[in-house]
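[1] Model the structure of this input:
(one chain, ligands or ions: 2)
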Amino acid sequence: MMIPIPGLLDAEGVARVRALIDTAQWVDGNVTSGFQSALAKRNLQLPEDSAEAQQAAQIVFDAVSRNALFIAAALPLRVFPPLFNSYGGGQAFDTHVDNAIRIQKGTGFRVRSDLSATLFLEDPDDYDGGELTVETNFGVQQVKLPAGDMILYPASSLHRVEPVTRGRRVASFFWIQSMVRDDSQRQTLFDLDSAIQAVAATQGQGAPEVIKLTGVYHNLLRRWADA
Ligand SMILES: O=C(O)CCC(=O)C(=O)O
Ligand SMILES: [Fe+2]
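    Ligands and ions are numbered 1, 2, ... in the order given. Below is the predicted model of the structure:
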């Protein structure tokens, strides 16, 4: 499933993150690559142990932790600390699948990547190319969102970042281990949750249908989740 999270960061949040990362020391993106993706990746990244990157990552982490749509869609169990990348001058990331297990340098914190996230941090009018192209079961989808918007997509999908031919594309990217490993079960829960919210908005939270459907939601979650 691909789920956009609009306005994860407001303009002020984007500006705070950009102020931290723009002056930091960027390095060749292959510092975090597995063997296969090292061949495919041409970009810059902030090192995981950069102080500015860690402060900026905290801002992104706090935003996802508060975001009801992110929580409903991802049902997060563990979130890998957000990283930052930048592409310009024709740089791209060719088609690849993300590593199944991400291990944080230093701490050994491990996350199984069920979902991948890209948080766009540059105005789309300010660069050409740089679409995140994802091969889904329903065909190829291309994503290029306003600064502050995030896209969630299955980490199991083949995906790439198209060459950036003008300006710079700046983004935060990270992985989520979900309580619900299976993409279609997670999608079913998200659809049910969205439908319950819609019914509750007209019938009220205390309506018998809402109470019963909420019970169904939790009973499915109990069946499918690892917490
Ligand atoms: O920059 C992006 O949108 C995605 C980056 C990516 O695919 C990766 O780092 O594995
Ligand atoms: Fe990737």
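[2] only C-alpha atoms for contact and neighbour calcs from this point on.
    OK.
[3] Which SSE is immediately downstream of the helix-or-strand element of the chain with minimal mean pLDDT?
    When each helix and strand of the chain is scored by mean pLDDT, DSSP states H and E, helix 35-40 comes last, with a mean of 72. The helix or strand immediately downstream of helix 35-40 is strand 41-42, counting by DSSP states H and E.
[4] Name the strands paired with that next one and say parallel or antiparallel.
    The strands beside strand 41-42 in its sheet (DSSP bridges) come out as strand 92-96 (antiparallel).
[5] how far does the partner strand sit from the chain's center?
    17 Å (Cα atoms, centre = their mean, to the nearest Å).
[6] anything in the helix or strand just after it near ligand 1?
    Using DSSP H and E, the helix or strand that follows strand 92-96 in sequence is strand 101-103. No - if you take Cα under 6 Å from any ligand atom as the test, strand 101-103 misses ligand 1, and the best it gets is 10.9 Å.
[7] Mind listing residues that contact strand 101-103?
    Contact partners of strand 101-103, identified using Cα atoms under 8 Å, 6 or more residues apart in numbering, comprise 80, 109-113.
[8] Among the residues you listed, which one has the most neighbours?
    residue 113 (23 neighbours; other Cα atoms under 10 Å).
[9] shouldn't that one be in contact with residue 153?
    No - if you go by Cα atoms under 8 Å, residue 113 and residue 153 don't touch, sitting 10.7 Å apart.
[10] mind listing what the longest strand that the chain contains pairs with, with the direction of each?
    Identified as the longest strand of the chain according to DSSP state E is strand 168-178. Next to strand 168-178 in the sheet, as set by DSSP bridges, lie strand 76-79 (antiparallel), strand 83-88 (antiparallel), strand 115-120 (antiparallel).
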